[in-house]
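Novice: return a 3D structure for these sequence lines:
(one chain, ligands or ions: 1)
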Amino acid sequence: MSGHDKWVARDAAVVWHGFTQMGAYADNAPVVVDHAEGHEVVDVDGRRYLDAISSLWVTTLGHRVPELDDALRAQIDRGAHTTMLGNGNRVVVELSEALARVVPVDAPHFIYASDGACAVEQALKIAFQHWVNRGVKGRDTFLAFGGAYHGDTIGALSVGAGGFGTDLFDPLRFPVLRAPGFDNPGCFDVACGIVAEHASKLAAVIVEPLVQGAAGMQLADPEGLAALARACRAHDVLLICDEVATGFGRTGSLFASEAADIRPDLLCLGKGLTAGYLAMSATAVAGPVFDSFLGPDLSEKTLYHGHSYSGNALAAAVALRHLELLEAWDVLANVRERSEQLRALLDDRVTPLAAVHEVRLCGLMGGVELAPPADGLRWGRRVCAAAVERGVLLRPLGDVVVVMPPLTVTAEEINRIVHVLTEAIAEVTA
Ligand SMILES: *Cc1c(COP(=O)(O)O)cnc(C)c1O
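Specialist: Numbers count the residues shown, from 1 in each chain. So this is what the prediction gives:
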């Protein structure tokens, strides 16, 4: 057995991989990483792969960034973690101050967790309790979109649309009102109508601004989003923006909400928050919502919610340095330039292919939707496997090939991704 096969066998014997049929895991040529550096991951046999999915959308500046490694090492000498329940930690204060300066949320407070799904859960519970605290009855439901993905915990799953293989959990999901997905151009008109009609029942609307990632990079009309935000404001319904995927520069502005000029009441952050280094997520809460939880000590207005690793100091130190680097390196300019380059290349070489249904791109969030002539051909999976064989790590969402390179991707790497993708599509769909 090669080193690779040995590691896959050891892996399959004890590790359960998410969103993966373990009975087929070993047969799908998984990459077992030994280490990662820059924009590449290196497997146990020393083969190198360009990380064109940013380790599932979390890596922003690449792997082993010296400045981030240093921030992490420095924090280790000051202690890895202390609790946020009733106590504070200096680096978490500093991170929150830095975030407060840049998030599109008025007078924000930040409550931390470890995963995007938990940032969403917190937002849902805070929105719900906000109305209870204000003595408003009946505001106990949410409006969400078709195609939405907000994470895998039960609450996040409830506001998420069905599909993604999760239909069997339907009996556990609480009911919500549902607008169409972004693939339907009328979705925001319908959503605004629902807000107007059902405001007295709605605790909040939850939306992924600009891009529904897991739905296969479905793009929203910024005007529609702005209209939704206005409808929420007009009818006194809270707006939750889930920027777990779109936050920290992914779409070309620091937050996607900015492109639609909207200021949500609650903002969910995750994935890129720590540049892909450590598990940390956060919910930013606007002043008026936060204020509704103020009351006497131990009173029922308190938010009785909090995670053990909330505000982890190591993660906070990296997140803080990451924010500084995004600005110091003018990473957003690179996102915009590389996005234009990627769009031109895809338009030229990929969109015209008969095997391609549509190409969607916003910043460095891209999806190439294939058009298999029949069901069950597994084109998405096979095209990605062919790309991996050529040294570019891709992973599909169904028959949509996701292109999500690090925000610091170079022009040469963009060329390579499109070249390999074109070859992979040709090989599989010939
Ligand atoms: C990935 C994602 C989540 C869930 O984040 P996890 O860290 O995987 O729990 C939530 N919302 C959106 C929009 C996401 O893309």
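Novice: now do the SS call for Y49.
Specialist: Classification of Y49 by DSSP: H, G, I helix; E, B strand; the rest coil places it in strand.
Novice: ditto for P352
Specialist: What three-state DSSP gives for P352 is coil.
Novice: what about it, distance to the ligand?
Specialist: Remark: distance between P352 and the ligand (Cβ to the nearest ligand atom, to the nearest Å) = 30 Å. Any C-beta I mention is one placed from the backbone N, CA and C, and that applies to glycine too.
Novice: what does the stretch 251-400 of the chain put close to the ligand?
Specialist: Counting by Cβ under 6 Å from any ligand atom, the stretch 251-400 of the chain comes close to the ligand at 270-271.
Novice: contact partners for the residue of the stretch 251-400 of the chain found nearest the ligand?
Specialist: Closest to the ligand within the stretch 251-400 of the chain is G270: 4.6 Å, counting by Cβ to the nearest ligand atom. Taking Cβ atoms under 8 Å, 6 or more residues apart in numbering, we find G270 in contact with 115-116, 119, 244, 247, 280-282.
Novice: now do the helices in the stretch 51-200 of the chain.
Specialist: Assigned helices in the stretch 51-200 of the chain, in chain order: 54-57, 66-76, 90-102, 116-133, 154-159, 187-198 (criterion: DSSP state H, counting those that start in this stretch).
Novice: tell me how far the last one is from the chain's mean position?
Specialist: Meaning helix 187-198. Taking Cα atoms, centre = their mean, to the nearest Å, one finds the center of helix 187-198 at 25 Å from the center of the full chain.
Novice: cool, the fourth one as well?
Specialist: Here the centre of mass of C-alpha atoms in helix 116-133, compared against the chain's by Cα atoms, centre = their mean, lies 18 Å away.
Novice: same deal with the third one?
Specialist: Relative to its chain's centre, helix 90-102 lies at 21 Å (Cα atoms, centre = their mean).
Novice: also compute the angle for that helix relative to helix 66-76, please.
Specialist: 140 degrees (axes from the mean of the first three to the mean of the last three Cα atoms, to 10 degrees).
Novice: which residues touch helix 90-102?
Specialist: By Cβ under 8 Å, 6+ apart, helix 90-102 touches 75, 78, 84, 108-110, 112, 254-255, 269, 282, 284, 311, 313, 316-317, 319-320, 323-324.
Novice: domain ranges for the protein?
Specialist: Using automatic domain parsing, the domain parsing of the chain gives 31-61+330-429, 66-328.
Novice: avg pLDDT for the last one?
Specialist: The predicted model gives domain 66-328 an average pLDDT of 97.
Novice: ok now it, how far from the chain's centre?
Specialist: Taking the mean of its C-alpha atoms, domain 66-328 sits 10 Å from the chain's own mean (Cα atoms, centre = their mean).
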